[in-house]
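S.K.: would you be able to build a 3D model of this:
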Amino acid sequence: MRAIPSPAGPCAVVVAGNALVDQTPTRTATGDTAYLPRPGGSCLNVAAGLGRLGAPASLLARTSGDHFGDLLRARLAESGTRLTHVPATSDPTTPAAVRLCDDGSAAYSFHANGAADRGLRPEHLGTLPDAGHLPEAAALHIGSLGLVLEPLASKLDGLPRRGTGHRLVSLDPNMRPGLVTDRSCHLRRFTEWVALTDAVKASEEDLAWFHPGEAYELVAERRPASGAQLALVTLGARGTWAAGRTARAHMPAPVTEVVDTVGAGDAFTAGVLAHLHRTGRLGREGVAELCPDELAGLLAYAVGVAADTCTRAGARPPFRRYGLPTPSQPVGRGAAAPPGVPLIGHRSVSRFPGGWP
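M.R.: Here you go, the predicted model:
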């Protein structure tokens, strides 16, 4: 697919972290198992999703000069995501082996030793615009493997500290417990990150690892008091729940024909940030002042984007740009869709030239 222009205006979100290739299982004509390389990594997925949803965004991640690195940069370009903060390297691309379960959920194993995205260091930023300093008004999103694997984790640890007080900081732990070598150290570090962030998104599984035996509502209710002004919890087929400073909301998931759930949580995150940008709330005060109706609208949009992503194999969020209406409520099978809006949960024809990527 050809590159498309980035959404107009200054960069609204910088997504910093990992960029890798998902080796997704498929079947050959003879019935043998084969693995199809697809662009992936939580942070690349969020950055690509933001571009597709019309929010000016860039990814901060090292990518390889190998074939898989070409694949990653092509995904960003075809999504309208800016490549201004993607330094190149001869280090190889991280491969992630994907195992799909019967319900469409996915399990992963990562092979990141000596890989491009993991190796981001301060000296690599010197060749970037403004010596790697983030755009002044841009929000920052970090998460996933970048919070665990060194030296990338130490580099990302400094970014929210530099931006504290003047930019919105978003965090998604996207936990991979098998990669954590020191649980107590990671818990301390995560507590520090939460205190520096404005919005924290976590899955129910993430919270079960951080806070075993505690109900997700109780954990999320504490987040505003510990620093984060908005806590979002994804619940899979049960939808999502959120707690802000003054508002609480639950949004059920629309009925969806699931192909797989790869990248669904990242699509949700992209939907949250894109909706905040679109409604003028992509700032520390904007998140803090969300009223109940605004929070419900935010969840409805983001859960719809995630559900739409589940109708395609791999992490491929939808395009909703160039005047295509966006639903104010999730639409499921059997419901009437607003004019011009495809039913979420059905494989539909995109209005973007070239169809679904």
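S.K.: where do the helices sit along the protein?
M.R.: Assigned helices in the chain, in chain order: 42-52, 67-79, 152-163, 183-196, 204-210, 216-226, 264-278, 284-288, 292-309 (criterion: DSSP state H).
S.K.: relative to A61, which of these is closest?
M.R.: helix 42-52 (6.3 Å; CB to CB). C-beta coordinates here come from the backbone N, C-alpha and C atoms, glycine included.
S.K.: to A16, which of the helices of the chain lies closest?
M.R.: helix 152-163 (5.7 Å).
S.K.: any idea of the angle that closest one forms with helix 183-196?
M.R.: Interaxial angle, helix 152-163 versus helix 183-196 (axes from the mean of the first three to the mean of the last three CA atoms, to 10 degrees): 20 degrees.
S.K.: show residues contacting helix 152-163.
M.R.: Contact partners of helix 152-163, identified using CB atoms under 8 Å, 6 or more residues apart in numbering, comprise 16-18, 117-122, 134, 140, 142, 145-147, 169, 171, 189, 193, 196-197.
S.K.: give me that answer again for 6 Å
M.R.: Here helix 152-163 makes contact (CB atoms under 6 Å, 6 or more residues apart in numbering) with 16, 118, 120, 140, 142, 146-147, 169, 196.
S.K.: among the helices of the chain, which is the most enclosed?
M.R.: Mean neighbour counts were taken over the helices of the chain using mean count of other CB atoms under 10 Å, and the top value, a mean of 31, falls to helix 42-52.
S.K.: mind giving me the packing neighbours of that one?
M.R.: Applying 3 or more CB pairs under 6 Å, 6 or more residues apart in numbering; DSSP states H and E, one finds that helix 42-52 contacts strand 13-16, strand 57-60, helix 67-79, helix 264-278.
S.K.: how far off centre is the third one?
M.R.: Same thing as helix 67-79. Put simply, helix 67-79 sits 16 Å off its chain's centre (CA atoms, centre = their mean, to the nearest Å).
S.K.: for the last one, same thing?
M.R.: Distance of helix 264-278 from its chain centroid, counting by CA atoms, centre = their mean, is 7 Å.
S.K.: same check, this time on the first one
M.R.: What separates the centre of strand 13-16 from the centre of its chain is 10 Å, taken as CA atoms, centre = their mean.
S.K.: those strands in the stretch 101-250 of the chain, which residues are they?
M.R.: 106-110, 139-143, 169-172, 199-203, 230-234, 240-244, 248-251 (DSSP state E, counting those that start in this stretch).
S.K.: want to throw those strands into TSV with mean pLDDT and mean neighbour count?
M.R.: Putting the strands of the stretch 101-250 of the chain into TSV (pLDDT from 0 to 100; neighbours: other CB atoms under 10 Å) gives the following:
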stretch	mean pLDDT	mean neighbour count
strand 106-110	81	16
strand 139-143	94	27
strand 169-172	94	26
strand 199-203	94	26
strand 230-234	94	26
strand 240-244	93	24
strand 248-251	94	18
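S.K.: okay, the ones you listed in JSON lines with distance to L295 next?
M.R.: Formatted as JSON lines, those follow (distance: least, CB to CB, whole Å):
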{"stretch": "strand 106-110", "distance to L295": "29"}
{"stretch": "strand 139-143", "distance to L295": "18"}
{"stretch": "strand 169-172", "distance to L295": "15"}
{"stretch": "strand 199-203", "distance to L295": "12"}
{"stretch": "strand 230-234", "distance to L295": "8"}
{"stretch": "strand 240-244", "distance to L295": "6"}
{"stretch": "strand 248-251", "distance to L295": "4"}
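S.K.: which one of the ones you listed lies closest to T81?
M.R.: Closest to T81 of the strands of the stretch 101-250 of the chain, according to CB to CB: strand 139-143, at 12.5 Å.
S.K.: flag the shaky bits of the chain, pLDDT-wise.
M.R.: Scanning the chain for pLDDT under 70 picks out 1-2, 104, 163-165, 223-226, 321-357.
S.K.: the same query, at a cut-off of 80, please.
M.R.: For the chain, residues meeting the criterion pLDDT under 80 lie at 1-5, 8, 100-107, 125-127, 129, 131-132, 161-165, 221-227, 321-357.
S.K.: quick check: buried residues in stretch 118-126?
M.R.: The neighbour-count check on stretch 118-126 (16 or more other CB atoms under 10 Å) flags 118-120, 124-125 as buried.
S.K.: which one of these is nearest T234?
M.R.: The closest of the buried residues of stretch 118-126 to T234 turns out to be R118 (CB to CB; 25.5 Å).
S.K.: quick revisit: of the helices of the chain, which is nearest V86?
M.R.: With CB to CB as the criterion, V86 lies closest to helix 67-79 of those, at 6.7 Å.
S.K.: got the phi and psi for N113?
M.R.: Main-chain torsions, N113, degrees, to the nearest 10: phi -60, psi 120.
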